[in-house]
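Undergrad: Need the 3D shape of this:
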Amino acid sequence: MDGSVAFPIIVALVVVALLFDFLNGLHDAANSIATVVSTRVLSPKYAVLWAAFFNTIAILFFSTNVAKTIGTGIVEPSLVNTNVIFGALAGAIFWNIFTWILGIPSSSSHALIGGIAGAGIAKGGLPALVSAGFIKTGSAIVLSPLIGLVLAMLLILSVSWVCRHTTPFAVDRRFRILQFGSAALYSLGHGGNDAQKTMGIIAVLLFSQGYLGDTFHVPIWVAVLCQIAMGLGTLFGGWRIVKTMGSKITDLKPVQGFCAETGGAITLFAATWAGIPVSTTHTITGAIVGVGAARKLSAVRWKVAANIVVAWVITIPAAGSIGALFYWLSTFIW
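TA: Have a look, this model is predicted:
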């Protein structure tokens, strides 16, 4: 590809990647604020500001291990070119917009993973996939909501035992204050894991074109732009998904919101430090189900939860199919 032609395409793809990052923040705002809004600890306006701030500063707390997994651990880096990146981003963005319009809390993370896998397979067949990285990510699809569920359930049971002699009014007042911290931690974990996925896409694009030299890494300017785009997206929120996450699965009180957010935050922190790209949607949904089920199984609206699980299952193949289609179409353009 001629350099004078390639550079404008690369710039355009970086802009599209940042658009995906913005939409990720928009789509996944519910993950960060659904519990704190549904418990009425914060109004939607202030909850979004709170979440956006901690989404943005996550760069100060985490390394770029997740970005490295996305950039080099899903599709063989040697096969990545501008067409593959375009297909990956188009698949993820189209699926995100579709599920956002319908108010379905699908995973932006797995939409991106599906998009890049589909585009990679369209170019190089199944050998294009890095099996170890893809299996690790696929395992996290199952494990992250289960871990979030178990941690949140253990937390709510522990808190209930510790506060067994405390009046409901005192418990409510105490955990309304504590939920500010748990919401901040969850937003920090969300920004740390999710923004890195776009960092990985931009970095592997630059790496494939020779702009990063011989070693894959995430330039600081890429990291900063991705965190800002994520934070701005969160500011605009995703109110239809907030309703699903915050009230349709189960009714939440501040103590339950605190336990759900804390269990989810622990899961996200551990996954980010381990370099595993997990779904913040999966994680918080599992945690919300956990606190609801700890009270009684009938407290969880299982039909709503089941519909969310169906969206999880089809996200990767759906985004992958769209990614493969757009990869193929782009080969006729450049």
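Undergrad: What distance do you get for W334 to I70?
TA: Distance check for W334 against I70: by CB to CB, to the nearest Å, it reads 23 Å. Quick note: C-beta positions are derived from backbone N, CA and C, even for glycine.
Undergrad: for I33, same thing?
TA: From I33 across to I70, the span is 25 Å (CB to CB).
Undergrad: Run through the stretch 51-200 of the chain and note the low-pLDDT ranges.
TA: 104-105 (pLDDT under 70).
Undergrad: quick one on the thing from earlier: so between W334 and I70, which is more surrounded?
TA: I70 (28 against 14; other CB atoms under 10 Å).
Undergrad: can you map out the helices along the chain?
TA: Secondary structure of the chain (DSSP state H): helices at 3-38, 44-56, 65-72, 82-102, 108-124, 131-162, 168-208, 220-236, 239-243, 254-273, 280-295, 302-330.
Undergrad: Dump those helices to TSV, plus distance to D214.
TA: As requested, these are exported to TSV (distance: least, CB to CB, whole Å):
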stretch	distance to D214
helix 3-38	19
helix 44-56	31
helix 65-72	13
helix 82-102	20
helix 108-124	22
helix 131-162	20
helix 168-208	9
helix 220-236	18
helix 239-243	42
helix 254-273	26
helix 280-295	33
helix 302-330	26
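Undergrad: my guess is L18 meets G231, correct?
TA: No. Applying CB atoms under 8 Å, one finds L18 not in contact with G231, separated by 11.9 Å.
Undergrad: Pick out whichever of those two has more residues nearby.
TA: Taking neighbours as other CB under 10 Å, L18 and G231 compare with G231 leading, 23 against 20.
Undergrad: Name the nearest residue to the more buried one, sequence neighbours excluded.
TA: Nearest residue to G231 in three dimensions, chain neighbours excluded: T56, at 3.5 Å (CB to CB, 6 or more residues apart in numbering).
Undergrad: Contact partners for that neighbour?
TA: By CB atoms under 8 Å, 6 or more residues apart in numbering, the contact list for T56 reads G191, Q227, I228, M230, G231.
Undergrad: give me that answer again for 10 Å
TA: Counting by CB atoms under 10 Å, 6 or more residues apart in numbering, T56 makes contact with 25, 187-188, 191, 195, 224, 227-232, 234-235.
Undergrad: which one among the residues you listed gets closest to A293?
TA: Using CB to CB, S187 is the member of the contacts of T56 that lies nearest A293, at 24.3 Å.
Undergrad: Counting neighbours, what do you get for the closest one?
TA: For S187, using other CB under 10 Å, the count is 31.
Undergrad: so what's the closest residue to it other than its chain neighbours up against?
TA: Nearest residue to S187, sequence neighbours excluded (CB to CB, 6+ apart): F54, at 3.7 Å. F54 makes contacts with 32, 61, 183-192, 231, 234, as judged by CB under 10 Å, 6+ apart.
Undergrad: for N65, same thing?
TA: N193, Q196, G200, A271, T272, W273, A274, G275, I276, P277 are the contacts of N65 under CB under 10 Å, 6+ apart.
Undergrad: Take those and lay them out in TSV including distance to K136 and neighbour count.
TA: Listed next are those as TSV, based on distance: CB to CB, whole Å; neighbours: other CB atoms under 10 Å:
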residue	distance to K136	neighbour count
N193	14	28
Q196	15	32
G200	14	29
A271	10	24
T272	14	26
W273	14	15
A274	9	13
G275	9	19
I276	6	21
P277	9	28
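Undergrad: Pull the most distant pair out of those.
TA: G200 and W273 (15.8 Å).
Undergrad: Tell me, how many residues neighbour V313?
TA: For V313, using other CB under 10 Å, the count is 12.
Undergrad: doesn't H282 make contact with it?
TA: No. With contact defined as CB atoms under 10 Å, V313 does not reach H282; the gap is 11.2 Å.
Undergrad: check contacts around the nearest residue to S182 once chain neighbours are set aside.
TA: Leaving aside its chain neighbours, S182 sits nearest to E261 (3.8 Å; criterion: CB to CB, 6+ apart). Listed by CB under 10 Å, 6+ apart, the contact set of E261 reads 31-36, 39, 152, 155, 178-179, 181-187, 189, 284, 287-288, 291.
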